[in-house]
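Trainee: just the structure for this:
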Amino acid sequence: MTATQRRGRKIMMTPGELDEFLTGQRTCRVATVSADGAPHVSTLWFAWDGTSMWLYSVVRTKRWADLRRDPRVAVVVDTGEEYGELRGVELSGTVEFVGDIPRTGELCAELDVPETLFARKNFGLEEMPHDGRHAWMRLTPSKTVSWDFRKLGSL
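Mentor: Next up, the predicted model:
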């Protein structure tokens with residue numbers, strides 16, 4: 001169950017706005033916990049299926065190693081340059097690893113939707129290309145915080 005946002009209710013996104021925002025954005029920043037306890041932040045492309053964020057990561061990265069050891073994660077997607085244009089979402093929770101590692105394209109019904117969404121959004125393709133270097137993680141957030149500063153003008 002997703003935790004409810006308490007602060008900033010006036011600028012938080014509605015469920016429809018949140019879904020539209022995450023569906024339309026391409027890049028997120030992924031924060032993990034390193035072996036020494038230090039934070040590590042990296043960028044990824046993602047797919048949003050309306051419930052979960054799907055992260056497609058190279059398996060030979062610090063991010064992947066961190067999440068295999070400790071699957072807790074925070075992800076930020078944001079946009080805007082001027083203060084009154086800022087909007088974004090922070091999703092946090094625990095990732096689950098889905099499918100073959102690395103992904104070679106073996107049949108996996110659970111990946112049909114995210115791979116189609118990801119391939120269309122990022123490659124303009126109907127089918128996901130597999131390079132044998134990446135694999136999938138699913139984040140179904142336990143906490144979601146959003147903001148849309150464009151709403152400040154209407155308060």
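
Trainee: switch to C-alpha atoms for all contacts and neighbour counts from now on
Mentor: Fine.

Trainee: just checking, what packs against the helix or strand where residue 18 lies?
Mentor: Secondary structure from DSSP states H and E places residue 18 in helix 15-24. The contact analysis (3 or more Cα pairs under 8 Å, 6 or more residues apart in numbering; DSSP states H and E) places helix 15-24 against strand 39-48.

Trainee: spell out for me which residue occupies the centre of the chain.
Mentor: Centroid check for the chain by Cα atoms, centre = their mean gives residue 53 as the closest residue, at 4.3 Å.

Trainee: what's near enough to touch it?
Mentor: 46-47, 138-140 (Cα atoms under 8 Å, 6 or more residues apart in numbering).

Trainee: rewinding a little: tell me which helix or strand comes right after the helix holding residue 18.
Mentor: Next along from helix 15-24, by DSSP H and E: strand 27-33.

Trainee: and that next one, which residues are buried?
Mentor: Neighbour-count burial for strand 27-33, counted by 16 or more other Cα atoms under 10 Å, picks out 27-33.

Trainee: for stretch 86-106, same thing?
Mentor: Buried residues in stretch 86-106, counted by 16+ other Cα under 10 Å: 87-97, 99, 102-103.

Trainee: and the longest strand along the chain with helix 15-24, angle?
Mentor: Longest strand of the chain, by residue count under DSSP state E: strand 87-98. Orientation of strand 87-98 against helix 15-24 (axes from the mean of the first three to the mean of the last three Cα atoms, to 10 degrees) gives an angle of 70 degrees.

Trainee: average pLDDT across the helix or strand that strand 87-98 is followed by?
Mentor: Using DSSP H and E, the next helix or strand after strand 87-98 towards the C-terminus is helix 112-123. The average pLDDT for helix 112-123 rounds to 96.

Trainee: same question for stretch 82-99.
Mentor: In the prediction, stretch 82-99 has an average pLDDT of 96.

Trainee: again, but for stretch 137-145
Mentor: Rounded mean pLDDT across stretch 137-145 is 97.

Trainee: for it, which positions count as buried?
Mentor: Neighbour counts over stretch 137-145 (16+ other Cα under 10 Å) mark 137-141, 144-145 as buried.

Trainee: what is the burial count for residue 108?
Mentor: 10 (other Cα atoms under 10 Å).

Trainee: can I assume it is in contact with residue 99?
Mentor: Yes: taking contacts as Cα atoms under 8 Å, residue 108 lies within contact range of residue 99: 6.3 Å.

Trainee: give me the residues contacting stretch 33-44.
Mentor: So stretch 33-44 is in contact with 27-32, 55-57, 63, 66-67, 69-70, 72-73, going by Cα under 8 Å, 6+ apart.
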